[in-house]
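Novice: Structure for this input, please:
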Amino acid sequence: MTSRARATRWCAVLLCGLLAVVFPATATAESMPRHVWSGPLYTIADGPLCAGPVRLLTTPRGPDSASVQVTGGFFGVSGTGAPCTVEVSVHWRNLDTGGGGVERGTVEGLWIPSAPIRVMYATVRTGPGLVEMWMEPHRPHNPIPPVYLQVP
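Specialist: So this is what the prediction gives:
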């Protein structure tokens, strides 16, 4: 491949990436997936040397409600022989009705291997409509954008 062809390919890839950032896709209710994953959200966990990713899975549970599951896998040493732990708040807001709320729980994970051992489960009564969800651990973390779920 010539250097001119490589440069052209590189420019095309760069242009596509720029367009994806400048013009992000918008989802309609018809095009939204049934299950929505969020994460990884990287956070520090309780313990002197604990940190790792937390992930959110949400899906419509039935009319007017959605299920929420948060898992975490952490690397580190909790200092007590127990797994690393972090408290997580899952916030939600129904963009159609204006309703909102928060669910709180605890997530635990092992340090070797990095595996979830305590998972947060909740069912939230969101009402029908487009629901925005985001999670916030109680410890310092790297924030990520919210996810959107269509609830029947």
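
Novice: What are the boundaries of the strands in this structure?
Specialist: Assigned by DSSP state E, the chain shows strands spanning 36-44, 51-62, 65-72, 84-94, 100-109, 116-118, 120-124, 129-137, 147-151.

Novice: a markdown table please, covering those and showing mean neighbour count and mean pLDDT.
Specialist: Quick note: C-beta positions are derived from backbone N, CA and C, even for glycine. Shown next, in a markdown table, are the strands of the chain (neighbours: other Cβ atoms under 10 Å; pLDDT from 0 to 100):
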| stretch | mean neighbour count | mean pLDDT |
| --- | --- | --- |
| strand 36-44 | 18 | 92 |
| strand 51-62 | 19 | 91 |
| strand 65-72 | 21 | 93 |
| strand 84-94 | 20 | 94 |
| strand 100-109 | 18 | 93 |
| strand 116-118 | 16 | 78 |
| strand 120-124 | 17 | 94 |
| strand 129-137 | 20 | 96 |
| strand 147-151 | 21 | 94 |
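
Novice: Is residue 97 in contact with residue 131, as I believe?
Specialist: No. Judged on Cβ atoms under 8 Å, residue 97 makes no contact with residue 131 at a distance of 9.4 Å.

Novice: Not counting its neighbours along the chain, what's nearest residue 134?
Specialist: Leaving aside its sequence neighbours, residue 134 sits nearest to residue 146 (Cβ to Cβ, 6 or more residues apart in numbering; 3.8 Å).
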